[in-house]
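Q: Got a predicted model here, sequence first, then my questions.
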Amino acid sequence: MVTGPAPPAPVPKVSARGLGVRFHGVPALSGVDLDVAPREILGIIGPAGSGKTSFLRAINRMDEFIPGMEIEGSLSLDGRDVRRFRNLYALRRRVGVVFPLPVGLPLSVYDNVALSPRLSGVRGKDELDGIVEKCLRRAALWDEVRDRLDTLGSLLSGGQQQRLTIARALSQSPDLLLLDEFSIAVDPVTTMRIEDVLRELREEVTIILVTNLVQQARRVADRTAFFLTGEMVEVGPTEALFEGGARDPRTTDYIEGRFG
């Protein structure tokens, strides 16, 4: 039986090679080689100061706004070096970010979500209404706020504000979503609701989830990377890492709570 050549492997959504990050000359991350597949949820775990957030900042080119931050090595989005996006905002329209604490804009719930579409040129009320409802539904928030869309977003509960930031990130139609320890200020019930949202979103969006909750990575991530003191120790299928398949004993020690 004659078979043709194997189909080419899909281009990684994110690819890092020799990635390093420094702040005022002090290394925060060094020598990271990591690919993230399209529509994958990648969890990143590790103690404070291990370089997890620095990795997200490099993807989103936060060095443009953080004095003293320097990036070395290569980092690409869909095969294109992120440094070659001449328009930084063209990159950021494709990369949604949710920070550890909800950062609500001093706007109504509706306007928090509608801001990005408006900046992209959407003007019709019906179209904006549809975008706002869709994003709030995807963030599991619509049923709770549908009758108070004119309320200031800052008046919502902490868990609702965090879901509002997810809705706002989704309103720009990103194909990559970065979440940095979103559950720090969120109660356990809301955390579980957001995790359900992430599982649904993976059908459309690639997600990189930095979490300080080891079991959250186990519940949500397809693969998990372990960062420690500025290096990526290893990455692998989540269940394999948690079921004794870690190659490095430091990963097992961290997962089992011996440090961190």
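A: That came in fine, so what should we check first?
Q: hmm, who's touching the helix or strand hosting residue 234?
A: In this structure, residue 234 sits in strand 231-237 according to DSSP states H and E. With contact meaning C-beta atoms under 8 Å, 6 or more residues apart in numbering, strand 231-237 is reached by 29-34, 42, 51, 222-227, 241, 245-248, 250-251. Using the backbone N, CA and C atoms, a C-beta is placed for each residue, glycine as well.
Q: in its sheet, what does that strand sit against?
A: Here strand 231-237 is paired, per DSSP bridges, with strand 223-228 (antiparallel).
Q: From the contacts of strand 231-237, list the buried ones, please.
A: In those, burial by neighbour count holds for 29-30, 32, 34, 42, 51, 222-227, 241, 246, 250-251, counting by 16 or more other C-beta atoms under 10 Å.
Q: Flag the shaky bits of the stretch 101-250 of the chain, pLDDT-wise.
A: 104 (pLDDT under 70).
Q: before we move on, the earlier item: list the buried residues of the strand holding residue 234.
A: 231-236.
Q: ditto for stretch 115-125
A: For stretch 115-125, a neighbour-count test (16+ other C-beta under 10 Å) marks 116-117 as buried.
Q: Alpha carbons of that stretch, in PDB - could you do that?
A: C-alpha atoms of stretch 115-125 as PDB (Å, rounded to 0.1, in the frame of the first residue of the first chain):
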ATOM      1  CA  LEU A 115     -15.300  49.400  24.700                       C
ATOM      2  CA  SER A 116     -13.000  47.200  22.600                       C
ATOM      3  CA  PRO A 117     -15.500  46.600  19.800                       C
ATOM      4  CA  ARG A 118     -16.200  50.400  19.600                       C
ATOM      5  CA  LEU A 119     -12.500  51.100  19.300                       C
ATOM      6  CA  SER A 120     -12.400  48.600  16.500                       C
ATOM      7  CA  GLY A 121     -15.100  50.500  14.600                       C
ATOM      8  CA  VAL A 122     -18.300  48.800  15.700                       C
ATOM      9  CA  ARG A 123     -21.000  51.400  16.000                       C
ATOM     10  CA  GLY A 124     -24.400  49.800  15.400                       C
ATOM     11  CA  LYS A 125     -26.400  49.300  18.600                       C
END
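Q: tell me which residues in the helix or strand harbouring residue 215 are buried?
A: Per DSSP H and E, residue 215 falls inside helix 214-220. Buried residues in helix 214-220, counted by 16+ other C-beta under 10 Å: 214, 216-220.
Q: residues contacting residue 201?
A: 138, 170, 177, 207.
Q: From residue 13, how far off is residue 198?
A: According to C-beta to C-beta, to the nearest Å, residue 198 and residue 13 sit 15 Å apart.
Q: er, residue 90 I mean
A: From residue 90 to residue 13 the distance is 16 Å (C-beta to C-beta).
Q: So which of these two has more stuff around it?
A: Legend: neighbour count by other C-beta atoms under 10 Å for residue 90 and residue 13, higher for residue 13 (22 against 9).
Q: can you pull the pLDDT of that one?
A: Residue 13 carries a pLDDT value of 97.
Q: Closest to the centroid, which residue in the chain?
A: In the chain, the C-alpha nearest the mean C-alpha coordinate belongs to residue 178, at 1.4 Å (C-alpha atoms, centre = their mean).
Q: Quick check, residue 60 in contact with residue 95.
A: Yes: contact criterion C-beta atoms under 8 Å: residue 60 and residue 95 qualify, at 5.4 Å.
Q: overlap in contacts of those two?
A: Joint contacts of residue 60 and residue 95 (C-beta under 8 Å, 6+ apart) are residue 178.
Q: Looking at those two, which is more packed in?
A: Applying other C-beta under 10 Å to residue 60 and residue 95 shows that residue 95 carries more neighbours, namely 22 against 18.
Q: ok, that one to residue 174 distance?
A: Separation of residue 95 from residue 174 (C-beta to C-beta): 6 Å.
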